[in-house]
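In: all I have is the shape, not the residue letters:
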């Protein structure tokens, strides 16, 4: 009698069993064993996932699909600065050189006058010069006059006084030739055109400008801007009027930054001031201006919404006051009833407790109302 044997897990029957078919298999994937789909590992190791490209299936005409990154928003290009409009030092001479040249030219004119015999006798005696016969102005005398006169004009005409906090932008036939920031007596080429620029720290207070708060309510804002001219070449030749350009930049910044009314329970005005300072400083930097601070001085509602917002604000303040009064009354009533009960001064049932609470509430509310 033959005994039936059951093949164990290591038996030959299982070894001779046919291999199960693949679950997922095509041209672009590989087979996944079944025992990997139902793992009992409580803490499996993380498997790195990499982006794949699904290949085209043969005979379908489908093109491969490639995941492409989302396009980034283009950054605004920085304004190009003309290399000619960059401040550089102009060539000037000390004022003593101009004075010396002017005196030499004057002496040359006086010598030509004495040579031609046109100098008055009193002047000749004062200068200890011998008298000369009247020879008249000839070609030689005219040449000396022309040279000496030109030297005197260039010497005295180029004298200038440099002051602290002021600069000159020099130009010749419309071309920038440099900036003079030196102080004292200087000699500048008289053929150059001088444009004075104030480079000191300045304050600019604008007129009420339109703005809006975080909710879009129309406002009127008065700002104070602390600024100065940093690059005289760009500031003078790159923009026509500094204050007009600064006002337009402040108005443009106010359209992008919400400003809140003081005392409305919103963010402090310093936050809006810092943002305005950063935006305006970035806008005026290409034209050679430097902004240190932009601070709102006065913020108020626009005339068309002022009455409505005032009533709304009063209603909010009244509601907050009522809430604070009710909270104070409830705390006072609770503290009074608790002390009377804990100390054993009174013994109250539920009805008497409710009556006492009611009377105390009315009494405390009346006291707050009279106050």
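Out: Done, it's in. All figures in this text were calculated on a predicted structure; none of them were measured in a lab.

In: mind checking how far the residue most central in space within the chain is from residue 179?
Out: The centre of the chain sits closest to residue 278, judged by C-alpha atoms, centre = their mean, with a distance of 1.8 Å. Going from residue 278 to residue 179 by C-beta to C-beta, to the nearest Å gives 28 Å. Quick note: C-beta positions are derived from backbone N, CA and C, even for glycine.

In: list the contacts of stretch 191-205.
Out: Applying C-beta atoms under 8 Å, 6 or more residues apart in numbering, the contact partners of stretch 191-205 are 160, 165-172, 177, 179, 181, 188, 222-229, 232, 235-236, 243, 246-247, 292, 297.

In: where do the helices sit along the stretch 201-350 of the chain?
Out: Per DSSP state H, counting those that start in this stretch, the stretch 201-350 of the chain carries helices over the ranges 232-237, 242-254, 269-284, 303-342, 350-370.

In: which positions in the third one come out as buried?
Out: The reference is to helix 269-284. 269, 272, 273, 275, 276, 277, 279, 280, 281, 283, 284 (16 or more other C-beta atoms under 10 Å).

In: would you map out the domains in the chain?
Out: Annotated domains of the chain cover 93-197, 202-301, 306-370 [automatic domain parsing].

In: out of those, deepest packed?
Out: Most buried of the domains of the chain, by mean neighbour count (mean count of other C-beta atoms under 10 Å): domain 202-301, with a mean of 17.

In: rewinding a little: same list, the helices of the stretch 201-350 of the chain, but as JSON lines with distance to residue 138 and mean pLDDT please.
Out: Shown next, in JSON lines, are these (distance: least, C-beta to C-beta, whole Å; pLDDT from 0 to 100):
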{"stretch": "helix 232-237", "distance to residue 138": "48", "mean pLDDT": "90"}
{"stretch": "helix 242-254", "distance to residue 138": "56", "mean pLDDT": "91"}
{"stretch": "helix 269-284", "distance to residue 138": "62", "mean pLDDT": "88"}
{"stretch": "helix 303-342", "distance to residue 138": "82", "mean pLDDT": "81"}
{"stretch": "helix 350-370", "distance to residue 138": "111", "mean pLDDT": "77"}
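
In: reformat those into TSV and put distance to residue 200 next to each item.
Out: Conversion of the helices of the stretch 201-350 of the chain to TSV gives the following (distance: least, C-beta to C-beta, whole Å):
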stretch	distance to residue 200
helix 232-237	12
helix 242-254	13
helix 269-284	17
helix 303-342	37
helix 350-370	58
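
In: those: which one's closest to residue 108?
Out: helix 232-237 (37.1 Å; C-beta to C-beta).

In: which strands or helices does that closest one pack on?
Out: Helices and strands touching helix 232-237, as assessed by 3 or more C-beta pairs under 8 Å, 6 or more residues apart in numbering; DSSP states H and E, comprise strand 166-172, strand 175-180, strand 193-198.
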